[in-house]
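>>> Got a sequence here, can you model it:
(chains A and B)
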There are 2 protein chains.
Amino acid sequence: MTAHRPARIPQPPYYAVVFTSLRTEGDNGYGEMSEQMAELVEGQPGYLGADSVRGADGFGITVAYFDTEENVVAWRRNAEHTEARNMGRKAWYEAYSVHVAKVERAYGWDRDE
Amino acid sequence: MTAHRPARIPQPPYYAVVFTSLRTEGDNGYGEMSEQMAELVEGQPGYLGADSVRGADGFGITVAYFDTEENVVAWRRNAEHTEARNMGRKAWYEAYSVHVAKVERAYGWDRDE
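Reported below is the predicted structural model:
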């Protein structure tokens, strides 16, 4: 129906990075950075896909999937990503949390399939 | 600032259940069920908290945290929850995915702390 369906599901095990955040008010460059990070992560080794949503109240969840824990760490250490996180604490977020978790089971359902 | 900040973060390991979904159009009883499930899960053994958001386009992510894999399975087997899932496929969702993952690392940041 629409392009915006849940990310495809590889065979576990793999890793999920759950990033939950509350935005500050105003854009302050956030939109541009957000698009840059979305492009950047797609080129990262072991990146498997992501799901992301933000509500009108500024609360959002992004889940990015990677093949291994090493590649989760490599993404965390990426220089541009590190700079974006620093700017995030300065300007873009009221609060956030990160959970790094090993996916043990995964399944999906789609009305069209 | 607001009540809607990321869920508190216990000491890992524990479990995250990531539910990603695309809603059908119209309510069809979804809102009522959703509130009932949110109340029901709070009484489940080992429930640690949850974060949830849905965008204006009907795409949403809910992440619920449990202490053990056994308690994740117990929630899955809960009769009312099972009935809600069946109704979900009949009426409420275009597509969804579920990832059950063991949290290995977790951290948070809050501007007010």
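
>>> Which residue ranges of chain A form helices?
Along chain A, the stretches classed as helices by DSSP state H are A:30-42, A:69-77, A:79-87.

>>> The longest one to helix A:79-87, inter-axis angle?
So the one you mean is helix A:30-42. 150 degrees (axes from the mean of the first three to the mean of the last three C-alpha atoms, to 10 degrees).

>>> is chain B contacted by helix A:30-42?
No - against chain B, helix A:30-42 shows no contacts by C-beta under 8 Å from any C-beta of the partner chain, the least distance being 14.0 Å. Backbone N, C-alpha and C define where each C-beta goes, glycine included.

>>> on that earlier part again, give me whichever of the helices of chain A is most buried.
Comparing the helices of chain A by mean neighbour count (mean count of other C-beta atoms under 10 Å in any protein chain shown), helix A:69-77 ranks first with a mean of 16.

>>> What is the burial count for A:T62?
Other residues lying near A:T62 total 19 when counted by other C-beta atoms under 10 Å in any protein chain shown.

>>> Please name the residues that touch it.
A:V18, A:F19, A:S21, A:A50, A:D51, A:S52, A:V53 (C-beta atoms under 8 Å, 6 or more residues apart in numbering or on different chains).

>>> got the residue ranges for the strands in chain A?
Applying DSSP state E to chain A gives strands spanning A:14-23, A:47-54, A:59-66, A:93-110.

>>> Check whether the longest one comes into contact with chain B.
So that's strand A:93-110. Yes - using C-beta under 8 Å from any C-beta, strand A:93-110 reaches chain B at A:93-110.

>>> What pairs with that strand, parallel or antiparallel?
If you go by DSSP bridges, strand A:93-110 pairs up with strand A:14-23 (antiparallel), strand B:93-110 (antiparallel).

>>> In it, which of the residues would be classed as buried?
Under the neighbour-count criterion of 16 or more other C-beta atoms under 10 Å in any protein chain shown, strand A:93-110 has A:93-103, A:106, A:108-109 buried.

>>> Show the average pLDDT along it.
Taken as a whole, strand A:93-110 has an average pLDDT of 97.

>>> cool, and stretch A:72-86?
Stretch A:72-86 comes out at a mean pLDDT of 97.

>>> How about that stretch and chain B, touching?
No - using C-beta under 8 Å from any C-beta, stretch A:72-86 never reaches chain B; the gap is at least 9.0 Å.

>>> distance between that stretch and the chain's centre?
In terms of C-alpha atoms, centre = their mean, to the nearest Å, the centre of stretch A:72-86 is found 12 Å from the chain centre.

>>> ditto for stretch A:93-104
Mean C-alpha position of stretch A:93-104 versus that of the full chain (C-alpha atoms, centre = their mean) differs by 9 Å.

>>> Could you do stretch A:16-24 as well?
Worked out by C-alpha atoms, centre = their mean, stretch A:16-24 lies 8 Å from the chain centre.

>>> I'd like to know how far A:V98 sits from B:N78.
For A:V98, the distance to B:N78 equals 29 Å [C-beta to C-beta, to the nearest Å].

>>> measure A:R5 to B:A84 for me?
Computed as C-beta to C-beta, the A:R5 to B:A84 distance reads 21 Å.

>>> just A:T20 next, same as before
Taken as C-beta to C-beta, the span from A:T20 to B:A84 is 23 Å.

>>> which one is A:R89 nearest to, not counting chain neighbours?
Once flanking residues are discounted, A:R89 sits nearest to B:W109: 6.3 Å by C-beta to C-beta, 6 or more residues apart in numbering or on different chains.

>>> and what of A:L40?
Nearest to A:L40 is A:E80, by C-beta to C-beta, 6+ apart, at 6.0 Å.
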